[in-house]
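Trainee: any chance you can model this:
(one chain, ligands or ions: 2)
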Amino acid sequence: MQAQLKTQQHAPAQVHKFGGSSLADAQRFAAVADILQQQNHHQALWVVVSAPGDTTDALLNITAATETQARDIALAALQAELTALVQQALTADAAVLVIKQLQQWLAAVPDALAKQQHNDVLAIGERLSALLLSEVLKQRGFNAAALDARDFLRLKQHQPDWTASAALLTGLTQAERIHVVTGYIARDDKGRSITLGRNGSDYSATLLGALVNATEVTIWTDVKAIYSADPRKVKAALPYSQVSWQQACQLAQLGNPVLHARTLSPLTGTATALLVRSSYQPQHAGCRVVQQDTAAQECAAQEKAQQQGFITELDNVTLLTLHQDISVSAAQLTLELQQPVIELPQQGDNLCWLLPAVCAEQALDYLAGLNIHAVWDTQRYYALAWLKSDAVAHTDTAEQLLQQQGVLHRYESTQQLIWLLAAPLPDDALEQLHRCLIQPQPVLQIVVAGTGNVGAEFLAMLGAQQQRFDAKLKLNLAAVVNSRRAALSDSIAVSNWQAALAAGVAWNAQQLAAYLQALPAPKVLVDITPSREFATLYPAVIAAGCDIISANKQGVTLPGTEYQQIKRALAQYQRQWLSNTTCGAGIPVQRTLQELLSAGDSIDEVSGIFSGTLSWLLCQYDGSKPFSEFVLQAQQAGLTEPDPRDDLSGKDVQRKLLVLARELGLTLELDDIALEPLLPAGLEQDSWQQFWPQRATLDDVLAQLFATAKAAGKVLRYVASLKLEQGKVCATVALKQVSADHALAAIAPCDNVFVIRSLWYCDNPLVLKGPGAGRVVTAGGLHADLAQLIHQLIGPATLPAPLT
Ligand SMILES: NC(=O)C1=CN([C@@H]2O[C@H](COP(=O)(O)OP(=O)(O)OC[C@H]3O[C@@H](n4cnc5c(N)ncnc54)[C@H](OP(=O)(O)O)[C@@H]3O)[C@@H](O)[C@H]2O)C=CC1
Ligand SMILES: N[C@@H](CC=O)C(=O)O
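Mentor: Ligands and ions are numbered 1, 2, ... in the order given. Have a look, this model is predicted:
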């Protein structure tokens, strides 16, 4: 009905509303200006603001003060706080004008209170926000102006007066101008200032959205989405990117803290889209509330939304029972009380309304005034409501769990199930219910860093792994990162990761940590970079709740103090770090050592061939062409380190030996391992490109070494050895000549060999052998680590494939 009463605006408009937490300090005002700067300025921009931070609470205290002295002290404190805010947000010249205005408003407070004009006092917070933000925008070169909503917004008996409001607004607007409008305040039909109650600014925004016929109204808040449950209590709560209008209305009625029934009402049945976004994480697209009037492309969105369930809670509520034939609705009582009144699914002839216990008496008085008799049972309840989805049919486990917690009443309709209990559910019970009712299939969030040789292969395999685990666990690719950019998105299609990354953004450590922190658990970071700098982020990654899987050897070989810092973070946050591919690629050498040690064996020696590249080169090199040509081949086959000199220098093997030493609990450093490089001294300097013209030096040395070994009837092998004798450690990596019948001679190119001698394997060692480098085996090894994590989450995913 209100459609024909709107202003005759022709330019498309958008409304953005910022709440108090989004305007808590000068930095937040700047962040809001950044957000507005990035909007589509071909559309008319309307901004609705709440009071900064806790200003409204401070003003409420001032209006409630019974002693003049206490009131004046509170006023002075507020003036100091807001003045500081203005000074920090604006240049000195601009600040002077705003502070002068603020002083005038605050100076008028005692007089307004004396005249009982409390709402004029409460309006000061929003007036300051509007003025300050418009000045911040002006400083950035925008044509912006503050607008007091009381100059146009009229309400009559709690209902918007569309005709009067539209007429007044038409006279106030200017094309090309950003209007920054006060939220929360309006006037009644007698011209008196009124406030729109708690969260009234959201209502102001949607009222304005309807008045200016906005294409979109965005509520900028401190959460990035509408969640399936309270994310502070339920770690696995799902951030939904869209919900249906019907779900939003039901959620609002059930007291959802993000959406309120009044907020939705002005836009119901219009073409205006409603979005909820976080001003703290503006890179997230947020949550879109999809209108019922489905355009074709929104049908799929509706269908998806129907698969989404919600759990909401209300504490300290009470029950009114009424005869069903009454002349007032729960929605009308909601308006009267300015508090949610929920009509419970009907059972029998009576109606049951749930409402906050604090306003039960006020409700009874109001109903009595209408000659309506209601029975109040005076008990305080905790209500848990489940908004059903098409995805979950069975509730047996949830019902059992709730029975154990002592359910007192239960109300069910096709869309909702509401349980009333005597006391709030503990968080772990909520988590459990969430698993039963919302997400019977858990989701593991996977963040992949490094998209080169091995990283790309890992991602190529991930699609098949998603299908393998699909029945029990969703593997969600939540981010892909390389050295230049990051795709940080709630859900990236694995088949499309390259495009997502190409559309990604430059990133820094802080942004990545914040993104990881906000991801729902469980979550894992897979580090497939060669970067030491990236490995130093591990403590922050762990603190953000992630497990880590590394192919990157830098983390596991950091100096002892930094390595211990990572270990301490793992212990503190109870997270895991799997790094099996850092030594032997997919060969489960670390896992084997862990099993032996945990079973009670003690290791005396680990030795063998630890480099796939050097194994391949020394098997293939026959002196027929320069050694460096073989190196190029190994590089193209994906065997080498990003800089192959890490292999040729023996450094990569030195690192691997340190990995195993640390696995055995030894406190070794890299320098404790004697290293005899294959690469002639001096060639490790500068870049690979600068080295390349000098390769003849390497070629000559290798030709010589090969000829000498051949003459002696031997072959060359690059050997690592770690021996423990009477508490002493001897660790070396060096080139050796071995005779043709030696165990390390009979290998296939690229093979690694791990020879383990222990208490139990003393006469005859335990030997692990197989390809120790390459894209596929390394990516496969990373998936083996991932599967190990998954097994801990859900048990074995599938039975072993039958032998064929
Ligand atoms: N090849 C093998 O057989 C084995 C390799 N490994 C290890 O796997 C890792 C990857 O090797 P490989 O794929 O060959 O290396 P590549 O050089 O092919 O790829 C490295 C990737 O890491 C990214 N990267 C580099 N620095 C950073 C950083 N600071 N932050 C984020 N991303 C970064 C690169 O970004 P960009 O694309 O922007 O350059 C690139 O995408 C290495 O640590 C290697 O030791 C382990 C076992 C076996
Ligand atoms: N370059 C390494 C790759 C595996 O760690 C090797 O060749 O062993």
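
Trainee: quick one: residue 451 is in a strand?
Mentor: No - read with DSSP: H, G, I helix; E, B strand; the rest coil, residue 451 is coil and lies in no strand.

Trainee: gap between the residue nearest to it when sequence neighbours are not counted and ligand 1?
Mentor: Leaving aside its sequence neighbours, residue 451 sits nearest to residue 482 (C-beta to C-beta, 6 or more residues apart in numbering; 4.8 Å). Yep, even glycine has a C-beta here, placed from its N, CA and C like the rest. Going from residue 482 to ligand 1 by C-beta to the nearest ligand atom, to the nearest Å gives 3 Å.

Trainee: go ahead and confirm residue 482 touches residue 502.
Mentor: No - with contact defined as C-beta atoms under 8 Å, residue 482 does not count as touching residue 502 (10.7 Å).

Trainee: between these two, tell me which one has more neighbours.
Mentor: When residue 482 and residue 502 are compared for neighbours, residue 482 comes out ahead with 18 against 9, by other C-beta atoms under 10 Å.

Trainee: residue contacts, the more buried one?
Mentor: Residue 482 is in contact with 449-452, 455, 501, 529, counting by C-beta atoms under 8 Å, 6 or more residues apart in numbering.

Trainee: ok, now residue 420?
Mentor: Contacts of residue 420 by C-beta under 8 Å, 6+ apart are 319, 354, 381-383, 407-411.

Trainee: switch the cut-off to 10 Å
Mentor: Contacts for residue 420 (C-beta atoms under 10 Å, 6 or more residues apart in numbering) come out as 314, 317-319, 344, 352, 354, 379, 381-385, 407-411.

Trainee: may I see the ChimeraX selection of the buried members of these?
Mentor: To isolate the buried members of the contacts of residue 420 in ChimeraX, using 16 or more other C-beta atoms under 10 Å:
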select :314,317,318,319,344,352,354,381,382,383,384,385,409,411
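
Trainee: so the residue lying closest to residue 51 once chain neighbours are set aside: helix, strand or coil?
Mentor: Of all residues not flanking residue 51 in the chain, residue 125 sits nearest, at 2.3 Å (C-beta to C-beta, 6+ apart). Applying three-state DSSP to residue 125 yields a three-state assignment of helix.

Trainee: burial of the closest residue to ligand 1 within the chain, as a residue count?
Mentor: The chain approaches ligand 1 most closely through residue 452 (1.9 Å), counting by C-beta to the nearest ligand atom. A count of neighbours around residue 452, defined by other C-beta under 10 Å, yields 15.

Trainee: correct me, but it touches residue 638?
Mentor: Yes - counting by C-beta atoms under 10 Å, residue 452 does reach residue 638; the two are 9.3 Å apart.

Trainee: how about the helices in the stretch 51-200 of the chain?
Mentor: Ranges of helices in the stretch 51-200 of the chain, per DSSP state H, counting those that start in this stretch, are 55-64, 68-89, 92-107, 109-114, 118-122, 124-139, 162-170, 200-211.

Trainee: let's have those in TSV, adding mean pLDDT and distance to ligand 1.
Mentor: Output for those, formatted as TSV (pLDDT from 0 to 100; distance: least, C-beta to the nearest ligand atom, whole Å):
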stretch	mean pLDDT	distance to ligand 1
helix 55-64	96	42
helix 68-89	97	35
helix 92-107	97	41
helix 109-114	96	54
helix 118-122	96	50
helix 124-139	98	35
helix 162-170	95	51
helix 200-211	96	39
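
Trainee: ligand 2 is nearest to which of these?
Mentor: Nearest to ligand 2 among the helices of the stretch 51-200 of the chain is helix 68-89; the distance by C-beta to the nearest ligand atom comes to 51.9 Å.

Trainee: so which elements touch that closest one?
Mentor: Under the contact criterion of 3 or more C-beta pairs under 10 Å, 6 or more residues apart in numbering; DSSP states H and E, helix 68-89 touches helix 26-37, helix 55-64, helix 92-107, helix 109-114, helix 124-139.
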